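[1] My questions concern the predicted model and sequence given below.
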Amino acid sequence: MYSEIVMDHFRNPRNVGRIENADGVGQVGNPKCGDIMKIYLKINKDEIIEDVKFETFGCGSAIASSSIATEMIKGKSIHEAVGLSNKAVVEALGGLPPVKIHCSVLAEQAVKSALYDYAQKNNKVIKGLENYKPEDDEIHCQH
Amino acid sequence: MSKKLYLDNAATTRVKREVLDEMRQYFDELYGNPSSQLYELGRKSKQAIEKARKTLADFINADEKEIYFTAGGTESDNWALKGVAFANFNKGKNHIITTKIEHHAILHTCEYLEKFGVETTYLDVDRYGLVDLEQLKESIRPETMLISVMYANNEIGTIQPIEEIGKIAKEHGILFHVDAVQAFGSIRIDVNKLNIDLMSMSAHKLGGPKGIGGMYIRKGTRIDNFIHGGGQERGRRAGTEGVQNIVGFGKAVEIASRNLDERAERLTALRNRLVEGIKNNIPDVVLNGHPTRRLPNNVNFSFKYVEGESILLLLDMEGISASSGSACTSGSLDPSHVLLATGLDHGTAHGSIRFTLSEEITEEDIDYTVETMKNIIAKLRAMSPIKNDEDLKKN
Ligand SMILES: Cc1ncc(COP(=O)(O)O)c(C=O)c1O
Ligand SMILES: [Zn+2]
């Protein structure tokens, strides 16, 4: 059902945990749907993501999607990270079953939501997030 | 990892050695068509079918003429509902009473019949999964033709008050169908004592082969024939019989009836060991189903703050096969309709795991399962945002 990469990230998720006093925090999903993702960012003065951690309540692909997403944005500038698409997450995972694509969407949204939080707190504008509203993250359950 | 623990016996069971041995000869030695009565090979097949039929009949205190073989529990459920609906529709009867926690073989068949004007009442259940007899009585109308209630639930194992329901049905002259697929073989069933008119059974839940089931139809019951064709099964369910499967079914029932009470007692002890083990070793769990009125081999827990599919994947890595009521495992939008009907919120329902035991399981297996679950739940909770938020609130 799942690719080797998905199973690897599920078995040994990277960057699990929290960051105290994180510069940006984003949470998306809800327990009704069975998936919640929370992403913590540590961003330095050069706007580089120095550290990233995640917490996820959800299925195997939700955990794998969050894990690989943190790897994909770690060390990147916030302007690069905001471009992370769910398609890129799916590709990096070696594919996801169709009913699990929503997990990769959640990962993309969680990253955007954390970056938005950072931008708000620091009065910054991140290109690509100008029209972003956190409520948009409340994507409906779609397994 | 060398251990292999199959704890999904409500999904299906291993075919018993004795069953397989009995079936074998009907593939390549005694392969005659049971309808070919003019030579011995055909007669042998026919005799084998009738022997199995008698075994089933004796087991539930029915007459052989009241037992029909079908392609499984799903077909029997379809036959019961459609057969009764089609036979009674033009008699001014169009109402069926069933429950919210039936198998999809019942629920989807009711939905289908509703297209033809059948009206269905879906009874609620309480937090343990039990129907309310008062609500049942209040739901009865002059047009009610059938009450269909499962004997025991496949997810949470709850055993319904079948005898009381049978009485109510009889008092009102309403036919009573019981989906006994999960109970059959582990609970002694007497169709006369329980006033059951129709009952669905399936072989693969009790060590028999897949794709073969049974239907009990009380003599005189108004029900249409189901599969039209040759004269097999007294013209009611046509098609050349799967002789080897019927033989296997009969053998499985024979074995089940031999040591039923002993087996139930042993399984109940193992079940309770697993329930206690999980309760005592893992915090924030909810036992789904009734504490005592449940199948001897069924354990179903919700583990708060974690999701069922992740648990199953981690269990599989430790060699344990189980199942979950989480939406993530079914490909559907919602978690199990059964768990939601018992009043569980979505989040808790997503974290449900069902273990269903077999005779092959030992106390050591149970302890291994508890220990494994303890580690898995701890691992998943450590990365759960809901769990960590709860902890922060407490501090
Ligand atoms: C309660 C119940 N009814 C019906 C069925 C369907 O039986 P079968 O698999 O033989 O079609 C099952 C099996 O999952 C069941 O548990
Ligand atoms: Zn999911």
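    Done, it's in. Ligands and ions are numbered 1, 2, ... in the order given.
[2] When you work out contacts or count neighbours from here on, use the C-alpha atoms and nothing else.
    OK.
[3] so where's the chain uncertain?
    In the absence of a named chain, chain A is used. Across chain A, the ranges flagged by pLDDT under 70 are A:135-143.
[4] could you do chain B instead?
    Counting by pLDDT under 70, chain B has low-confidence residues at B:1-2, B:327, B:329-333, B:395.
[5] what residues go with each domain of it?
    For chain B, automatic domain parsing gives the domain ranges B:17-258, B:260-394.
[6] ranges for the helices of the stretch 151-300 of chain B?
    B:162-171, B:243-258, B:260-281 (DSSP state H, counting those that start in this stretch).
[7] again with chain A
    Ranges of helices within chain A are A:4-11, A:60-73, A:78-81, A:86-92, A:101-121, based on DSSP state H.
[8] residues near the closest residue to A:D51 other than its chain neighbours, how many?
    Nearest residue to A:D51, sequence neighbours excluded (CA to CA, 6 or more residues apart in numbering or on different chains): A:K42, at 4.9 Å. Neighbours of A:K42 under the rule other CA atoms under 10 Å in any protein chain shown: 20.
[9] Dig out what A:I49 forms beta bridges with.
    Per DSSP bridges, the residues bridged to A:I49 are A:I43.
[10] Surely it and A:I73 touch.
    Yes - A:I49 is within contact range of A:I73, at 7.2 Å (criterion: CA atoms under 8 Å).
[11] and B:L339, how many neighbours?
    26.
[12] For chain A, list the residues in contact with ligand 2, please.
    Within chain A, the positions near ligand 2 by CA under 5 Å from the ion are A:C59.
[13] switch the cut-off to 8 Å
    Contact residues, chain A versus ligand 2 (CA under 8 Å from the ion): A:C33, A:G34, A:D35, A:G58, A:C59, A:G60, A:S61, A:A62, A:K100, A:H102, A:C103, A:H143.
[14] and which of the residues you listed is nearest to ligand 1?
    Nearest to ligand 1 among the residues of chain A next to ligand 2 is A:H143, at 22.4 Å by CA to the nearest ligand atom.
[15] Could you check how far whichever residue of chain A sits closest to ligand 2 is from chain B?
    Closest residue of chain A to ligand 2, CA to the ion: A:C59 (4.4 Å). Distance of A:C59 to chain B, given as CA to the nearest CA, to the nearest Å: 5 Å.
[16] residue contacts, that residue?
    Applying CA atoms under 8 Å, 6 or more residues apart in numbering or on different chains to A:C59 gives the contacts A:G34, A:D35, B:E307, B:G308, B:E309, B:S310, B:C328.
[17] The residue in the stretch 251-395 of chain B positioned nearest to ligand 1: how many residues sit nearby?
    In the stretch 251-395 of chain B, the residue that lies nearest ligand 1 is B:V338 (11.4 Å; CA to the nearest ligand atom). By other CA under 10 Å, the residues close to B:V338 number 24.
[18] Run a quick check on it versus B:H104, I expect a contact.
    No - contact criterion CA under 8 Å: B:V338 and B:H104 do not qualify, at 10.5 Å.
[19] picking up where we left off before, where does the residue of the stretch 251-395 of chain B closest to ligand 1 fall, helix, sheet strand or coil?
    Under DSSP: H, G, I helix; E, B strand; the rest coil, B:V338 falls in the helix class.
[20] ok, back up a step: quick one: which of the helices of the stretch 151-300 of chain B is nearest A:K87?
    Of all the helices of the stretch 151-300 of chain B, helix B:260-281 sits nearest to A:K87, with 40.0 Å by CA to CA.
[21] so that closest one versus helix B:243-258, what angle?
    Put simply, helix B:260-281 runs at 80 degrees to helix B:243-258, going by axes from the mean of the first three to the mean of the last three CA atoms, to 10 degrees.
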